[in-house]
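1. build me a model:
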Amino acid sequence: MSAEQFTDTLVADHWDQNADQWKKDVEAGLDVYRDLFTWPAFERFLGDITGKHMIDLGCGEGTNTRKLARAGARMSGVDLSDKMIKHAITEEQKTPLGITYATSSFSANTGFPAGAFDMVISTLALMDGPDFEGAMREAYRLLKPGGTLAFSILHPCFITPGLAWQKDENGHTTGLIVSKYYDQNHFADQWKFARHGDNRDVQRFSVPRFPRTLSDYLNPIIKTGLQIKEVQEPKPTEDAIQQEPRFHRWKDLSAFLLMVKATKPDTA
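-> Model (predicted):
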């Protein structure tokens with residue numbers, strides 16, 4: 001599918017179609033990467049958020065947004081998928097945490113006031129939108145002077161369109177083949193949740209992908225005027241590997257996650 005066709009509208013359509021099954025699978029404990037690896041790493045990366053006014057870009061069904069609210073932050077969330085936001089609002093109505101949700105692209109004006117937030121965060125969502133630079137401009141607009149942007153994405157140097165695992169004659173994974181790093185053709189990935197030892201027939205999701213290089217991510221942050229303060233490439237913990245043995249690949253062979261923290265200058 002060409003870049004011209006992969007608009008915000010089409011991305012929203014994909015996630016609207018995914019929404020009900022996605023929520024069901026998350027509640028069934030199938031999002032093992034989030035539960036054991038990516039969320040704990042990002043939570044450590046954020047540090048103490050008590051009392052912070054924060055907005056979650058690409059909040060989806062709101063699982064992470066609710067976790068941050070329970071950790072003491074005052075939360076808002078936006079997502080392009082109206083169905084995802086409806087699921088998030090339903091959970092807020094069941095268990096009120098004071099979260100405000102809105103259906104919006106994170107790459108355009110989200111409707112929240114400029115300079116309203118101490119932190120703008122996003123977890124594994126910014127790589128799935130067609131306009132990353134627009135997202136950085138909106139993050140800058142939303143942040144108070146001195147405020148912090150923190151986000152995680154799939155590591156662009158390793159999660160490429162030509163990714164393939166290398167195995168030995170016994171079927172053991174020995175390396176990662178990385179290719180098509182500069183291939184920026186947008187495509188719909190057929191992907192599903194999976195947990196070690198779980199033989200359930202899990203439905204696949206059609207997920208829009210927008211391959212980018214490392215510079216495609218870092219340069220728009222700088223161009224917007226945000227100042228990069230910290231970059232991390234976390235490994236899964238030994239406890240996570242014991243629960244999900246395939247995670248050893250992301251400890252011994254390659255990086256899965258890239259996390260970036262940047263601040264808006266005090267004088268902005």
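2. show me where the stretch 151-268 of the chain has strands.
-> Secondary structure of the stretch 151-268 of the chain (DSSP state E, counting those that start in this stretch): strands located at 164-167, 173-177, 187-191, 205-209, 227-232, 257-263.
3. point out the most buried one among those strands.
-> Each of the strands of the stretch 151-268 of the chain was assessed for mean neighbour count using mean count of other CB atoms under 10 Å. The highest is strand 257-263, with a mean of 22. In this view, the C-beta of every residue, glycine as well, is placed from N, C-alpha and C.
4. now do that one: which elements does it pack against?
-> Counting contacts by 3 or more CB pairs under 8 Å, 6 or more residues apart in numbering; DSSP states H and E, strand 257-263 is packed against helix 39-46, strand 143-154, helix 214-224, strand 227-232.
5. would you format these as TSV with distance to D266 and mean pLDDT included?
-> Listed next are the helices and strands packed on strand 257-263 as TSV, based on distance: least, CB to CB, whole Å; pLDDT from 0 to 100:
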stretch	distance to D266	mean pLDDT
helix 39-46	20	98
strand 143-154	5	98
helix 214-224	16	98
strand 227-232	10	98
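6. from these, which stretch is densest packed?
-> Ranked by mean neighbours (mean count of other CB under 10 Å), those are led by strand 143-154, with a mean of 21.
7. confirm Q93 sits in a helix?
-> Yes - the assignment for Q93 by DSSP: H, G, I helix; E, B strand; the rest coil puts it in a helix.
8. about what we covered before: least reliable of the strands of the stretch 151-268 of the chain going by mean pLDDT?
-> Comparing mean pLDDT across the strands of the stretch 151-268 of the chain, the weakest is strand 187-191, with a mean of 88.
9. returning to that earlier point: tell me which of the strands of the stretch 151-268 of the chain lies nearest to Y140.
-> Nearest of the strands of the stretch 151-268 of the chain to Y140, taken as CB to CB: strand 257-263 at 9.3 Å.
10. who's in contact with the closest one?
-> 37-38, 41-42, 45, 146-157, 214, 217-218, 221, 226-234, 250 (CB atoms under 8 Å, 6 or more residues apart in numbering).
11. tabulate the helices and strands packed on strand 257-263 (TSV), appending distance to A262.
-> Shown next, in TSV, are those (distance: least, CB to CB, whole Å):
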stretch	distance to A262
helix 39-46	12
strand 143-154	5
helix 214-224	5
strand 227-232	5
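12. which one, of the ones you listed, ends up nearest to A116?
-> When the helices and strands packed on strand 257-263 are compared (using CB to CB), the closest one is strand 143-154, at 7.3 Å.
13. just checking: what are the partner strands of the closest one?
-> Next to strand 143-154 in the sheet, as set by DSSP bridges, lie strand 117-123 (parallel), strand 257-263 (antiparallel).
14. how far off helix 39-46 does the first one point, in degrees?
-> With axes from the mean of the first three to the mean of the last three CA atoms, to 10 degrees defining the directions, strand 117-123 sits at 150 degrees from helix 39-46.
15. try the last one
-> Computed with the same axes, to 10 degrees, the direction of strand 257-263 lies at 20 degrees from that of helix 39-46.
16. can you say which of the strands of the stretch 151-268 of the chain is nearest to E138?
-> E138 sits nearest to strand 257-263 of all the strands of the stretch 151-268 of the chain, at 13.7 Å, using CB to CB.
17. what comes into contact with the lowest-mean-pLDDT helix or strand in the chain?
-> Using mean pLDDT, DSSP states H and E, the weakest-scoring helix or strand in the chain turns out to be strand 187-191, at a mean of 88. Residues outside strand 187-191 that contact it (CB under 8 Å, 6+ apart) are M1, H14, P161, R204, F205, S206, V207, P208, R209.
18. which helix in this protein runs the most residues?
-> Criterion DSSP state H: the longest helix present in the chain is helix 8-27.
19. neighbouring contacts of it?
-> 31, 34, 60-61, 63, 79-84, 86-87, 105, 107-108, 128-131, 188, 193, 202-203, 205-208.
20. could I get the buried residue list for it?
-> Residues D8, V11, A12, H14, W15, N18, A19, W22, K23, D25, V26 are the ones in helix 8-27 that count as buried (16 or more other CB atoms under 10 Å).
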